[in-house]
Structure formats: C-alpha cells, structure tokens
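In: coordinates only, sequence not included:
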Ligand SMILES: Cc1ncc(COP(=O)(O)OP(=O)(O)O)c(N)n1
Ligand SMILES: Cc1nc(C(=O)O)sc1CCOP(=O)(O)O
C-alpha cells in the first residue's frame, strides 16, 4: 500500500490493545476493521520479539484484506521487515530521518508531538506524514500522559499534514475533538472495551462523514 493523498489518515485510527492471546487479538481487530476503522496501529506493550512479529504479520494480512494501512508502533525494523505500511514514533523511538531512510518514501511515518507545536513543526519539516497530539482527556490506558491543548489542532493545520488526536477519547467527547480540527482520532480503551466493537468503530467513524 502506498500513500495516495496527504490526508490518507482520517477517521477512526484504532490502536491495538495489549493482548497476549493472538487469536483473540485478531478477532478484536477484525471487528474494528469490519466497523470501518480507517487505520490500525499495532502497539502491544505486553509482547515482544517473535510473538510481536507473529501478531503484526497476521494483522498485516488482515489489514491488506480490508485495504486499511497497518502502522507499527515504535519499531522501525519490524515495520521494514514485514513491509508494513508505516511506523509511529514517540520522542524516544528514534529519528524521523533514519526511519525514512529505512522505510522509503512510500511508507507512512507518524510522530507523537504531545502538547508541543514545535515538535510537530520539526516532525513535518523532517517528513512526517502525520502529527499526533495528546492526551486530549485523562486516559486510563496511559494515566501519566501529559494533557494536550486542543487549540493545537488548528494551529498545526498550517503544517499541511493530518493531525491525529489521542488520549481518553470516547464517544461522548470525540465530537469536540473533531470540531477542534483533528483529522483522525486514535482510540484504545473506548474501542476495545465496548460491548459491540464493530458498532463502536462505526459510530466513531460516522463523526467524520
Ligand atoms: C497515533 C498515536 N499517537 C500517539 C502515540 C503515543 O506514542 P508514544 O509517545 O511513542 O508512546 P507509546 O505508544 O510508545 O506508549 C501512539 N502510539 N499513536
Ligand atoms: C498510547 C497513548 N499515547 C498518548 C499520548 O498522549 O501520547 S495517550 C495514549 C493512550 C490512548 O489510549 P486511550 O484511548 O485508551 O486513552
């Protein structure tokens, strides 16, 4: 899959739960994809090495079937090895220039910018394909994430790359995030904890229609 427009990142950006049971992880992700998640990020802080590779590879096959990009969190080498669609980098995960040289021009590189427009400006200058700000709201998935000011979304529009919002986003507050200017909403808890994941994904995505 190649980047085909500057706003390839739009809508519900689902980030995987920390699931060690691979069959269950695949079942959960299938529901989110069936519900219309437009991007999937493989992020699993409870597995590593061979199991992470196996999970990501299986998710990549599933994402291909749904024509949805699979982004790998943190791990440029894994993204390259699997020929996944891109990588998401936090401030401690290596630099964008090195990731670009490993992955090539066609892959998606996203950058965490926390509450910092300067980081987003730098990321865009270095060739990031989207910038992410968070946490928008208190997050039980990442309780110590610093809060981000949602006025950043409008300010970041001048960068010409999609703006992703993350952190504590639920169906109750997502509309305010979209109105504040986010192109995509990255969600963990409020997606995977839903009783009906497919319907939940669909409702998140409808906010963008
Ligand atoms: C879309 C998106 N935004 C932010 C993050 C957080 O990334 P990072 O700061 O590297 O923290 P961890 O995910 O490693 O806890 C993300 N993964 N995705
Ligand atoms: C992984 C992550 N990064 C954040 C940041 O602010 O950079 S907040 C977060 C957790 C997002 O999960 P939930 O949707 O359950 O709050």
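Out: All right, it came through fine. As the structure is a computational prediction, the values presented were derived from the model and not from experiment. Ligands and ions are numbered 1, 2, ... in the order given.
In: give me the residue from this protein nearest ligand 1.
Out: Ligand 1 sits closest to residue 90 of the chain, with a gap of 2.1 Å, by CB to the nearest ligand atom. Where C-beta positions appear, they are placed from N, C-alpha and C, glycine not excepted.
In: State the distance from the residue lying closest to residue 81 once chain neighbours are set aside to residue 88.
Out: Distance criterion CB to CB, 6 or more residues apart in numbering; nearest residue to residue 81, sequence neighbours excluded, is residue 53 at 7.3 Å. Computed as CB to CB, to the nearest Å, the residue 53 to residue 88 distance reads 17 Å.
In: Who has more neighbours out of these two?
Out: Ranked by neighbour count (other CB atoms under 10 Å), residue 53 and residue 88 place residue 88 first, with 28 against 15.
In: Helix or strand: which one has the closest residue to that one other than its chain neighbours?
Out: Spatial nearest neighbour of residue 88, chain neighbours left out: residue 110 (4.3 Å); criterion: CB to CB, 6+ apart. Using DSSP states H and E, residue 110 maps to strand 108-114.
In: Whichever helix in the chain runs longest near ligand 1 at all?
Out: When the chain is parsed with DSSP state H, its longest helix is helix 49-66. No: using CB under 6 Å from any ligand atom, helix 49-66 never reaches ligand 1; the gap is at least 13.0 Å.
In: Touching that helix from outside, list them.
Out: 1, 16, 20, 22, 25-26, 29-30, 33-34, 40, 42, 44, 47, 69-70, 72, 75, 78, 81-85 (CB atoms under 8 Å, 6 or more residues apart in numbering).
In: and after it, which helix or strand comes next?
Out: With elements assigned by DSSP H and E, the helix or strand that comes after helix 49-66 is strand 70-73.
In: how far does stretch 195-209 sit from the chain's center?
Out: 16 Å (CA atoms, centre = their mean, to the nearest Å).
In: Then stretch 171-191?
Out: For stretch 171-191, the distance to the chain centre is 12 Å (CA atoms, centre = their mean).
In: Which positions within that stretch qualify as buried?
Out: 174, 177-178, 180-191 (16 or more other CB atoms under 10 Å).
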